[in-house]
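>>> One predicted model, sequence on top.
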Amino acid sequence: MTQTNTFIPQEPPTTSGAINIVTSSMEEADGNTYFAEAMKNERRGDLNDALNLYAKAAFEFNTSKLFVRYGEALLKLGNVHLLMSHYTEAEQVILNVALKNYSKIGSKAGQMESYYQLGRIYFAANKLTQSLWFYTQQGIIAKQLNNNSAYVESVIGIAQVKIKKKEYNLALKDLNRAELLLKTANNSQLKNRIKETRALIPSKLTAKK
């Protein structure tokens, strides 16, 4: 895929009066339609179609000044690029567009999700220093928002980076901390992720846990 899909304008065009109201509602409806169709295509594995539809949805939401929905479409767009191993495009969408959008509207939750995606993108691209930094930023905001699940996600991401750097003992400490944080939580998905991440560490080290 070319990078044209990621170049979504930050500032919407301006019109005035009743025409603007009608246009905005039509654009919102179009955006919702594109977004729903994109999700269907993504679930089916039709990633090229999903990519184009998320880009169209993002454009429509931005034009109608629905910046929360705009951010959601951008996160989805970046994730599909990541699934397709388009690391440069994924980085551009999240770092240069989604993160700026969430900063502009003051959405801490959106910034946190953007940091998480950037951690994943850089990890997949084997840019471990950048990945570690963004997972850390995610964790900082998760603590500010008292979002325990997001904080655990950041700790797991940090542990995965350390495993890739062969810093197994440090990774074990992170995973042990993540387990403690989830001790009273009913979150089987994150517990399974901890288990899967721990399995990447040589068994002779995990035996000393």
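Done, it's in.

>>> after the host helix or strand of K40, next one along is what?
Under the criterion of DSSP states H and E, K40 resides in helix 17-44. Going down the chain from helix 17-44, the next helix or strand is helix 47-63, by DSSP H and E.

>>> Return the distance of that following helix from the chain's centre.
16 Å (CA atoms, centre = their mean, to the nearest Å).

>>> Pull out the buried positions in that helix.
47, 49-63 (16 or more other CB atoms under 10 Å). Backbone N, C-alpha and C define where each C-beta goes, glycine included.

>>> can you tell me how far the residue nearest to the spatial centre of the chain sits from N186?
Centroid check for the chain by CA atoms, centre = their mean gives Q117 as the closest residue, at 3.1 Å. According to CB to CB, to the nearest Å, Q117 and N186 sit 25 Å apart.

>>> Next, the nearest residue to L200 once chain neighbours are set aside: phi, psi?
With CB to CB, 6 or more residues apart in numbering as the criterion, L200 has its nearest non-adjacent residue at 5.1 Å, and that residue is I163. I163 adopts backbone torsions of phi -60, psi -40, taken as degrees, to the nearest 10.

>>> mean confidence score for the helix holding K40?
The predicted model assigns helix 17-44 a mean pLDDT of 76.

>>> heads up, I number from 203, so please use that
In the new count, where the first residue is 203, that last one comes out as helix 219-246.

>>> Show the contacting residues for the residue nearest to L402.
A373, T399, L402, I403 (CB atoms under 8 Å, 6 or more residues apart in numbering).

>>> Go ahead and confirm L374 touches L407.
Yes - with contacts counted by CB atoms under 8 Å, L374 reaches L407, the gap being 6.6 Å.

>>> Which parts of this protein are helices?
219-246, 249-265, 269-285, 289-293, 301-307, 310-326, 330-346, 350-366, 370-383, 390-400, 405-408 (DSSP state H).
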